[in-house]
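J.: Build me a structure from this.
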Amino acid sequence: DPTQSLLWQLESAQLSARGIDIHLFGSIHVGKREFYPLPAAVEAMFRTADNLVFEVDPQAASNPQAAMRVQLQGMLTNGQTLQDVLSAKTLSNLETVLASMNIPMANFINFKPWMIALLLTNLQASSLGYDPLFGLESYLLSQKPPQMQILELESMQQQLDMLEVLDPEIFLGYSLEEFSSSVETMASLVEAWLCGDKQTLQEI
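T.: So this is what the prediction gives:
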C-alpha cells in the first residue's frame, strides 16, 4: 500500500501551544538501493525538518576511534575465553551456527557474547543482500539539507554500557536458538517495513 508508512506524529496540547511538530519514523539499520526514495509523505516531512534525531548519531558511530572502542570493549579481558563465561550447551550451539557459515570457532573465542550476537546478526543480514550502506541512517545522512541539525537519543557509550549488563548466557543463547529461523523473520520484517504493514510488525 503506497499510502502506508511507519511515520507517526506526536500530538499534545503542550506541543501545539509551543508550535512544535515531532514525527517518529520506524527504521531499519540495513537495506538495499531499491528501498529509496522513501514514501512521498516521509520524504516531504524529512526535508522540511529542523532536526534529525537518531538513536545514536551515525556520524559519531562511524568514527574510527569509536569503532576501536567498540572492538576493545567487545573483547574478553584477564585471559578469559568463551569457555569461562558460557555454558557447554551455548558453546555447542555457537559452534554449530559458526560451522554452518564455515567460520572457525577460534575466530570468536575471545569476544564477549554480546559482541558475537551483533556480529552474527550483521553476517546474516549481509548473506541476505542487506547492506548498512543502504540502511535508513545512511540514506537520511546522504540526503540531509545543510541547515538540518543532527541530534541523538543516546551516546554510543551508553549503548555499549547497556550491552555490558545483559546476561551473556541468555542474550547469546536466545540469539543462537533463533538463528535458523531468523532468516525468514528478517525477510518478513523488512518486507513489512517497506509496506508500512504495522499488523505484521506487531505480530513479529
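J.: which element is M162 on?
T.: helix 156-165 (DSSP states H and E).
J.: Let's see that helix as CSV, backbone CA atoms only.
T.: Extracted as CSV, the C-alpha positions of helix 156-165 are listed here (Å, rounded to 0.1, in the frame of the first residue of the first chain):
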residue,chain,number,x,y,z
MET,A,156,27.5,5.1,21.6
GLN,A,157,29.0,4.5,25.1
GLN,A,158,25.5,4.4,26.7
GLN,A,159,24.6,1.6,24.2
LEU,A,160,27.8,-0.3,25.0
ASP,A,161,27.2,0.0,28.7
MET,A,162,23.6,-1.4,28.2
LEU,A,163,25.0,-4.4,26.4
GLU,A,164,27.5,-5.0,29.1
VAL,A,165,24.9,-5.5,31.8
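J.: And the average pLDDT for it is what?
T.: For helix 156-165, the mean per-residue pLDDT is 91.
J.: how about that helix: buried residues?
T.: For helix 156-165, the neighbour count (16 or more other C-beta atoms under 10 Å) marks M156, L160, L163 as buried. For the C-beta atoms, the positions are set from N, CA and C on the backbone; glycine is no exception.
J.: ditto for stretch 85-100
T.: If you call a residue buried by 16+ other C-beta under 10 Å, then stretch 85-100 has these buried ones: L86, T90, L91, N93, L94, E95, V97, L98.
J.: The residue most central in space within the chain: what secondary structure?
T.: Taking C-alpha atoms, centre = their mean as the criterion, H29 is the residue nearest the geometric centre of the chain, at 4.7 Å. Secondary structure, DSSP: H, G, I helix; E, B strand; the rest coil: H29 is coil.
J.: Leaving out sequence neighbours, find the closest residue to it.
T.: Nearest non-adjacent residue to H29, counting by C-beta to C-beta, 6 or more residues apart in numbering: G135, 4.5 Å away.
J.: Good, wrapping up.
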